[in-house]
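Peer 1: quick one, what's the 3D model for this:
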Amino acid sequence: MKALVYTKPYSFEYSDFSEPGVGDDDVLIRVRACGICGSDVHGSTGKTGRRIPPLIMGHEAAGIVEDTGKNVKDFEKGERVCFDSTVYCNRCEQCKTGFYNRCENRQVLGVSTPEFKRHGAFAEFVAVPWWIVSKIPENLSFTHAALLEPASIGVHAANRAPLSTNDTVVVIGAGTIGLFILQASKLKGARKVFVSDINEFRLDVAKKLGADVVICPGKSDLKEVVFKKTKNKGVNVAFDAVGYASTFQDAVSVTKIGGHLVAVGNLEKTAEFDLQKFIASELTFAGSYASSGEFRDCIELVASGKINVEPLISDVLPLKDGPRAFERLLKAEENLLKIVLEP
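Peer 2: Sure thing, here's the model as predicted:
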C-alpha cells in the first residue's frame, strides 16, 4: 500500500509500505480521509519522544471496511466507519468502569514511544480493534467524519466541568480543539463564551461558531476584558486549550471564586501559577485527556450540524502531498487551521 511515512525529524516520504495484518479482533479499514492533528505537527519535530521514526502517523480518520478478523461480528465489508484514536484494552479496571481514555494499557494510533508503536492512518489501510470502530451515516462525508476525533476531545473537555445554563466560559486557544470546546460549551447552555487567541483568523472562525467575545492578547488584556464583562467576578469555567505556563496562569487569573479550570493543552511540562488564589478561591482543577465515550455521541452531533466542522477545514489534499502539508503547518501559514489528507 501507499503511505506517508515519517522517516526523521521534519521529514516524510510518500512510499510503499507493508499492508497491516488483520488480527482476530481487528477491522481493516480503507482510509478515505485523515486529518493532520497539531500533535502530529509537533511530533514531527522529533522533540516529543512520541513519534519515533519510521512511523505512519495519523489518528483523525474515516473510511470503508475492507476486511474483518474472525471475532468481529458487527462490521461488514463496504460499511462506512470512523474510529477513535485511543486503542484501549477493554479489560483493565479503567476500561471496565468506562474510562477508556485512562486505560492502563493504552496505545494511540500513529504514535511510537519506547513502550509501543502503533501505525496510524496516513495510509491506504489501517487496522484497528473493532471496539473503537463506529458506523457513520450516509449524510456524513468522510472529510467531516475525520474531524469526529478532535470534536470528541472538545466535548469531553466540556464534560469535565459542571457547565450549565447561564454560565460564563473562557476558552484560551482557538485551534481545532479550542473551537470544539467553544461549540460544546454553547451546546451545554453557556450564556457567554470568551475566546482568546493571538491569531486573528482563528478568532474570526470562533465568531462564526458562536463566540460572544473574542480577545487578541496582543491588542487587549484578557483579564481586563473578562472582568469588565462579568462585573469583576470572572468566569465559571476556564479552559486552557494551549498548555503553556503563561496560558495556564491566564486561566487561573480569570476564573471566579468557586469556579472550575480545565487543562486540555500540554505544550509545556510544568506551569507556575497563583497557588494562593487557587486555594483561597476554592477553584476546582481538572485535566482532560482524549475522550471517553463522547466519540460516538459526536457522530450525531456532527452529522446533524449541531457541531459545525466545515469552518475548521482549510484544505483537502491527496496523501502524496502530505510532506508539503506538514511544511505549511509547521510554518504556521496564515489562515490555516485543519488540513485533511485523502489516500
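
Peer 1: surely residue 78 meets residue 63?
Peer 2: No - at 11.1 Å, residue 78 does not count as touching residue 63 under the criterion of C-beta atoms under 8 Å. C-betas here are computed from N, CA, C, even on glycine.

Peer 1: compare these two (neighbour count), which wins?
Peer 2: The neighbour comparison of residue 78 against residue 63 (other C-beta atoms under 10 Å) goes to residue 63, with 27 against 9.

Peer 1: could you check how far the more buried one is from residue 232?
Peer 2: 51 Å (C-beta to C-beta, to the nearest Å).

Peer 1: then residue 132?
Peer 2: 46 Å.

Peer 1: those two: which has the busier surroundings?
Peer 2: residue 132 (18 against 9).

Peer 1: show me the strands in the stretch 201-343 of the chain, by range?
Peer 2: For the stretch 201-343 of the chain, strands defined by DSSP state E, counting those that start in this stretch occupy the ranges 213-215, 235-240, 255-263, 284-287, 313-318, 338-342.

Peer 1: between these, which one is closest to residue 34.
Peer 2: Residue 34 sits nearest to strand 338-342 of all these, at 5.3 Å, using C-beta to C-beta.

Peer 1: so, low pLDDT: which residues of the stretch 101-250 of the chain?
Peer 2: Counting by pLDDT under 70, the stretch 101-250 of the chain contains no low-confidence residues.

Peer 1: show the pLDDT at residue 53.
Peer 2: Reading off the confidence values, residue 53 has pLDDT 98.

Peer 1: dump the residue contacts of it.
Peer 2: 5, 6, 7, 8, 112 (C-beta atoms under 8 Å, 6 or more residues apart in numbering).

Peer 1: of those, closest to residue 92?
Peer 2: residue 112 (21.7 Å).

Peer 1: number of nearby residues for the closest one?
Peer 2: 23.

Peer 1: over to residue 308?
Peer 2: By other C-beta under 10 Å, neighbour count at residue 308 equals 17.

Peer 1: residues contacting it?
Peer 2: 183, 209.

Peer 1: swap in residue 295?
Peer 2: Applying C-beta under 8 Å, 6+ apart, the residues near residue 295 are 84, 134, 148, 149, 152.

Peer 1: a markdown table for those residues, including neighbour count, distance to residue 50 and secondary structure?
Peer 2: Below are those laid out as a markdown table (neighbours: other C-beta atoms under 10 Å; distance: C-beta to C-beta, whole Å; DSSP: H, G, I helix; E, B strand; the rest coil):
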| residue | neighbour count | distance to residue 50 | secondary structure |
| --- | --- | --- | --- |
| 84 | 27 | 17 | coil |
| 134 | 18 | 25 | strand |
| 148 | 30 | 22 | helix |
| 149 | 25 | 16 | helix |
| 152 | 29 | 20 | helix |
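
Peer 1: in JSON lines: those, plus distance to residue 316.
Peer 2: Supplementary listing: those in JSON lines, determined by distance: C-beta to C-beta, whole Å:
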{"residue": "84", "distance to residue 316": "22"}
{"residue": "134", "distance to residue 316": "22"}
{"residue": "148", "distance to residue 316": "16"}
{"residue": "149", "distance to residue 316": "17"}
{"residue": "152", "distance to residue 316": "21"}
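
Peer 1: ok, so of those residues, who is nearest residue 175?
Peer 2: Taking the contacts of residue 295 together and measuring to residue 175 by C-beta to C-beta, the closest member is residue 149, at 14.3 Å.

Peer 1: return the distance of residue 180 relative to residue 240.
Peer 2: 14 Å.

Peer 1: more neighbours: the two, which one.
Peer 2: In this view residue 180 and residue 240 are compared by other C-beta under 10 Å, and residue 180 has more residues nearby, 31 against 27.

Peer 1: and the helix or strand encompassing residue 95, what's buried?
Peer 2: Here residue 95, judged by DSSP states H and E, is contained in helix 93-96. For helix 93-96, the neighbour count (16 or more other C-beta atoms under 10 Å) marks 94, 95 as buried.

Peer 1: I'd like the next helix or strand past it.
Peer 2: strand 107-108.

Peer 1: so what does that following strand touch, helix or strand wise?
Peer 2: strand 86-87 (3 or more C-beta pairs under 8 Å, 6 or more residues apart in numbering; DSSP states H and E).

Peer 1: can you list the neighbours in contact with the strand it packs on?
Peer 2: By C-beta under 8 Å, 6+ apart, strand 86-87 touches 100-101, 103, 106-109, 118, 128-129, 132, 290-291.

Peer 1: again, 10 Å this time
Peer 2: 59, 100-103, 105-109, 111, 116, 118, 128-129, 131-132, 149, 152, 289-292, 295 (C-beta atoms under 10 Å, 6 or more residues apart in numbering).

Peer 1: pull out the buried members of those.
Peer 2: Applying 16+ other C-beta under 10 Å to the contacts of strand 86-87 flags 59, 100-103, 106-109, 111, 118, 128-129, 131-132, 149, 152, 289-292, 295 as buried.

Peer 1: restrict stretch 99-107 to CA atoms and write it as PDB.
Peer 2: The C-alpha coordinates for stretch 99-107 follow below in PDB (Å, rounded to 0.1, in the frame of the first residue of the first chain):
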ATOM      1  CA  PHE A  99     -12.900   5.400  31.500                       C
ATOM      2  CA  TYR A 100     -11.400   4.200  28.200                       C
ATOM      3  CA  ASN A 101      -9.000   7.200  27.900                       C
ATOM      4  CA  ARG A 102      -7.400   6.200  31.200                       C
ATOM      5  CA  CYS A 103      -6.700   2.600  30.000                       C
ATOM      6  CA  GLU A 104      -3.800   1.100  31.900                       C
ATOM      7  CA  ASN A 105      -2.600  -0.500  28.600                       C
ATOM      8  CA  ARG A 106      -3.400   2.500  26.400                       C
ATOM      9  CA  GLN A 107      -1.900   2.900  23.000                       C
END
